[in-house]
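*Asks:* with the input below, show me the fold.
(2 chains)
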Amino acid sequence: AQSVTQLDSHVSVSEGTPVLLRCNYSSSYSPSLFWYVQHPNKGLQLLLKYTSAATLVKGINGFEAEFKKSETSFHLTKPSAHMSDAAEYFCVVSDRKANQAGTALIFGKGTTLSVSS
Amino acid sequence: NAGVTQTPKFQVLKTGQSMTLQCAQDMNHNSMYWYRQDPGMGLRLIYYSASEGTTDKGEVPNGYNVSRLNKREFSLRLESAAPSQTSVYFCASSDLRAVDHTGELFFGEGSRLTVL
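*Replies:* Numbers count the residues shown, from 1 in each chain, chains lettered A, B, ... in the order given. Just a heads-up that it's a prediction; the model follows:
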């Protein structure tokens, strides 16, 4: 069975400093991996996705993530935080071997990013 | 550009009352989903509908029923609400073939339900 672990429940940074949100996964197969962002009182929005092409994936709003198979990690980074980045971030793994498509996505528990001025 | 629309956005119920959460999407997606979000728990799948006319249980289906009314609409019903069902509920939709490989779900803005 596949699983995903977000290593930090809360990350605080200052505006203009780098962001690192950590995600480890467990998978018996080659996974697809995603990051979603949820701004306060909003639904989730796809930030970026890895689907076995380039291991460094670029997403929206300057975020990127690197798939490292040897470390079973898919950490989300951004060189310089902006106030508008304050949100909750979810790492998601897709179980390509799931028998039913509806159960394919497994969500991490989320990391809340706070950005101070 | 409506995307996925959920109603109501907020609801307070008493234990034992029933209610239906409505969801509609205008992206011609085959698949629709209901998730619940609780603090520190991430999103957990309640029910999903891979295509019009089919529904299947997810991780936490107990206490809920669903109806895929047509391709656009997917409702979630609480027959006898319990305090444990206090949560934020999200409806989502996707292209069935895409969800296994791109994982892109399109979410509504959520329905905040409190059961007293």
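*Asks:* the nearest residue to residue A:11 once chain neighbours are set aside in helix, strand or coil?
*Replies:* Closest residue in space to residue A:11, ignoring its immediate chain neighbours: residue A:113 at 5.3 Å, by CB to CB, 6 or more residues apart in numbering or on different chains. Backbone N, C-alpha and C define where each C-beta goes, glycine included. Secondary structure state of residue A:113, per DSSP: H, G, I helix; E, B strand; the rest coil, is strand.
*Asks:* residue A:113 reaches residue A:15, doesn't it?
*Replies:* No. The pair residue A:113 / residue A:15 is not scored as a contact, 11.8 Å apart, by CB atoms under 8 Å.
*Asks:* which stretches of chain A aren't confidently modelled?
*Replies:* A:96-103 (pLDDT under 70).
*Asks:* typed the wrong thing, it's chain B
*Replies:* B:1, B:96-103.
*Asks:* ends of stretch A:14-25, what's the gap?
*Replies:* One end of stretch A:14-25 sits 28 Å from the other (CA to CA, to the nearest Å).
*Asks:* do it and chain B meet at all?
*Replies:* No. Judged by CB under 8 Å from any CB of the partner chain, stretch A:14-25 and chain B are separated, with a smallest distance of 11.9 Å.
*Asks:* list the buried residues of that stretch.
*Replies:* By 16 or more other CB atoms under 10 Å in any protein chain shown, the buried positions in stretch A:14-25 come out as A:19, A:21, A:22, A:23, A:24, A:25.
*Asks:* and if you look at stretch A:79-94?
*Replies:* Buried residues in stretch A:79-94 (16+ other CB under 10 Å): A:81, A:85, A:86, A:87, A:88, A:89, A:90, A:91, A:92, A:93, A:94.
*Asks:* any idea what the spatially most central residue of chain B is bridged to?
*Replies:* In chain B, the C-alpha nearest the mean C-alpha coordinate belongs to residue B:34, at 2.4 Å (CA atoms, centre = their mean). Going by DSSP bridges, residue B:34 is paired in beta bridges with residue B:47, residue B:91.
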